[in-house]
Each structure stands twice: as C-alpha cells, then as structure tokens.
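Visitor: only the shape, not the letters, is given here:
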C-alpha cells in the first residue's frame, strides 16, 4: 500500500509546527515503558507506542495511516520528564497532529470541539453570553484599573454544570481572604492550551492573541488561574506572543494567604482524603506542596498518599484533548486512580484541576464506586472549611 504521507516535505512541516527535537530521539524506548497506556488493556493500548510515534516523526510520518492513534497521547509528560536526551516529546506529538489537523483530517469526535472554539471562543459549545452564568447569586467583582488580580476561570468551570462549583468555591475563598480580584467576562476566550495540543495552531494563535490584546487593554498585571492547563499556557506559551504577566494557580495563592494569616480555614473534614496530582499542576508546573499544605489544614489526621504521587503521579487521561474522547470501561487511567485511592483507605479523592475532577468522577461511576469514594475539587473542601 502506498503511504498516505511522504517524508521530506512532511518532516519539515512537522518540525516547523514545534517538533524541533524530533531527531534527538535515539529510540531507547524508555518513553514507551513509562507511558500510562502500558498499564491498561485494550485496542488503543496495543496500538499506541510513543517511541514508534517519534520514529514516524523522524520519517515524516511515512507509512502512518491511523490518525486516531496519534491523538491518544494525553500529554501527561511522564515520558518527556524522564527522557535521557531531553526530547520535547509533547511538542513533537503536537507537530505531528498539526500536520493532520492542518490538512483538514482531524478525528471526527474533535471537529465539533475545534469548531466551537473557533465560533464561540470555547470548546464546550457554550454561547459567549453564557460565559458568566456560573456567577449567578454571587457578587463577583469586575476587573478594573485598581484591581490587583484578574481571575481567569477555565472554560470548563464556566460551562460544565458540575465544574461551576469550582469557580464559585474559589470566589468565596478569595473574598474571605480579602483579595482584590475581578473577572472580565464575556470577552474572555479559551486559553487555547488543549486546542494547541490537538494540533490546531491557527486556532491557538487566534485565541491567544485575542486574550493577550484583551488582558493588556484592561491593564492586567497578575492572573489567578482555576485550571493548571491555563496556568501552564499563560506561563509557558503566551510570553513569546506578548502576554507577560505574573500568573499563579489558586492553590499557590491560597496557601500564601493562609501562611500570612489572611485566610482562616478550620479543620472539619472527618473522612480520609487522598490527593491526586494533576499532570499540568505537578509534572508540568512543579506545584506539589501548596495543595497538600492546604489539605492538611482542614484534614489534619486524615490525608493519605496514592501509590503513585508527585512526580510519578498517574495521569487522569484528560489532557491533550482526551477529555473529549470516548474510552471503554476497563481502559481508563482514572479507574486505576480510583482503585488506588480505595486501596489506601481513602473515602474522598481530591484534585486541583477541573479536567481531573471530571475524568475521576467518570471513572468512579464506571466502576460503580460512587458510594464508596467521593471525588471533589480541592477548592470545594476548602470553601466548606471557611
């Protein structure tokens, strides 16, 4: 069979889309051994091999015919953080995906997601005028010239009914601490992190430039993010496009406020709680201690660690656009996290990322363990402890 892709021209395009280190790979195979897909059964696990993907990138994807396999990468970073050659594996995957999306061949399940982000400024098919609906019943201030922090609420927490509680909890905590903060509102767009990981570079540039122009025009200097994905793209990708601000995840700021005596939390959670490190908060951004310090304030005797934690945390499978993927029961990384939490005697599994919360709730429900384990976002526990 004649290959769908030719090598030289395609390889140059892939490199131009971010895969500058694809030729650094020496095919040692450590990445494949560390990949979470090795821990679950199923067709995707059998087909997906990140080492082989790097080799295909070096060859300009010659002979590559199954687009869906490439989109199975959750960009968890486990492979990249341990690569002996420092290969930027995630950027290479992004470059290869760009060659597919740019050719108009994005997987069918992702087309509505990308289309919504183009049309509505968010991937959740939510109209712009509903972006602030999560604020109903709250007195959320509007960002102005004298406001210290701009609170950027992740699209997921603006539109997903379960996740809106995360945004509302964070607002209550910031108000309790007397923080000067505000939101801009309907003009905000998705940060674009997942859109870029999916390979739609044009869409990412559109969203990023829109946000940069908006934030700078409003005089934004400091940003609080509710999502680790927004934190990462604002700190790692926006600066090269002109977006340079002081950006902090809400757990980092709240921990500072507690240490300064500006936020008081009371111990009251009587259940044992395990914390799941989100890939984009932990491995990607190096934030491990603040969420644990906050949790220990409200659960002084009931915190337990999962078997795989901190730098070795197991991905929930929501990154890299996988939050929009349909994965059969028994093949979900999140199910391994739920089982681990129960094995450690946890009654509550907390995380600090709306994507992780969504994926872990689905995994818990698929296992029929919703009566044995409660999955929550850390902000919810903290707000209940005010």
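Guide: Cool, the structure landed. The shown structure was predicted, so the numbers you read here are calculated from the model rather than taken from an experiment. Numbers count the residues shown, from 1 in each chain.
Visitor: alpha carbons only for contacts and neighbour counts from here, please
Guide: Will do.
Visitor: C-terminal to whichever helix in the chain runs longest, what's the next element?
Guide: When the chain is parsed with DSSP state H, its longest helix is helix 201-218. Counting by DSSP states H and E, the element after helix 201-218 in chain order, helix or strand, is strand 222-225.
Visitor: chain center to that next one, what's the gap?
Guide: In terms of C-alpha atoms, centre = their mean, to the nearest Å, the centre of strand 222-225 is found 16 Å from the chain centre.
Visitor: now do the following helix or strand past that strand, average pLDDT.
Guide: Downstream of strand 222-225, the first helix or strand assigned by DSSP H and E is helix 228-236. Taken as a whole, helix 228-236 has a mean pLDDT of 98.
Visitor: angle of helix 228-236 against helix 201-218?
Guide: Angle, helix 228-236 to helix 201-218, by axes from the mean of the first three to the mean of the last three C-alpha atoms, to 10 degrees: 80 degrees.
Visitor: and helix 228-236, which residues are buried?
Guide: 228, 229, 230, 231, 232, 233, 234, 235 (16 or more other C-alpha atoms under 10 Å).
Visitor: repeat that for stretch 209-222.
Guide: Buried-residue list, stretch 209-222, by 16+ other C-alpha under 10 Å: 209, 210, 211, 212, 214, 215, 220, 221, 222.
Visitor: related to what we said a few turns ago, the longest helix of the chain packs against which elements?
Guide: Using 3 or more C-alpha pairs under 8 Å, 6 or more residues apart in numbering; DSSP states H and E, the elements in contact with helix 201-218 are helix 111-120, helix 193-197.
Visitor: contacts only, for residue 343.
Guide: Going by C-alpha atoms under 8 Å, 6 or more residues apart in numbering, residue 343 touches no other residue.
Visitor: if I look at it, how far off is residue 44?
Guide: Look at residue 343 and residue 44: by C-alpha to C-alpha, to the nearest Å, they are 27 Å apart.
Visitor: what's the local residue count around residue 368?
Guide: Around residue 368 there are 11 other residues, counting by other C-alpha atoms under 10 Å.
Visitor: I misspoke; the intended subject was residue 293.
Guide: Residues near residue 293, counting by other C-alpha under 10 Å: 17.
Visitor: so what's it up against?
Guide: Residue 293 sits next to residue 255 when contact means C-alpha under 8 Å, 6+ apart.
Visitor: next, it: secondary structure please.
Guide: helix (DSSP: H, G, I helix; E, B strand; the rest coil).
Visitor: spatially central residue for this structure, please.
Guide: residue 229 (3.9 Å; C-alpha atoms, centre = their mean).
Visitor: quick check, residue 166 in contact with residue 352.
Guide: No - using C-alpha atoms under 8 Å, residue 166 is not in contact with residue 352, being 9.3 Å away.
Visitor: which neighbours do the two have in common?
Guide: Taking C-alpha under 8 Å, 6+ apart as the contact rule, the neighbours common to residue 166 and residue 352 are 377, 379.
Visitor: remind me which residues of this protein are low pLDDT?
Guide: Residue ranges of the chain with pLDDT under 70: 1-8, 17-19, 62-63, 65-66, 269.
Visitor: all strands of it, in order?
Guide: Counting by DSSP state E, the chain has these strands, from start to end: 149-152, 181-182, 222-225, 246-249, 273-276, 303-304, 348-351, 374-377.
Visitor: and the buried residues of stretch 209-222, which is closest to residue 147?
Guide: Relative to residue 147, the closest of the buried residues of stretch 209-222 is residue 220; by C-alpha to C-alpha it sits at 8.5 Å.
Visitor: how close does residue 329 get to residue 40?
Guide: Taking C-alpha to C-alpha as the measure, residue 329 falls 10 Å from residue 40.
Visitor: residue 242: what's it in contact with?
Guide: Per C-alpha under 8 Å, 6+ apart, neighbours of residue 242: residue 212.
Visitor: typo on my end, residue 186
Guide: By C-alpha under 8 Å, 6+ apart, residue 186 lies in contact with 128, 129, 130, 131, 132.
Visitor: by neighbour count, which of those wins?
Guide: residue 131 (22 neighbours).
Visitor: residues contacting that residue?
Guide: 155, 158, 159, 185, 186.
Visitor: again, but for residue 208
Guide: 191, 192, 238, 241.
Visitor: closest one of those to residue 381?
Guide: Closest approach between these and residue 381, by C-alpha to C-alpha: residue 191, at 26.0 Å.
Visitor: what distance do you get for the closest one to residue 74?
Guide: Distance from residue 191 to residue 74, by C-alpha to C-alpha: 18 Å.
Visitor: tell me the most buried of the helices and strands packed on helix 201-218?
Guide: Highest mean neighbour count among the helices and strands packed on helix 201-218 (mean count of other C-alpha atoms under 10 Å): helix 193-197, with a mean of 23.
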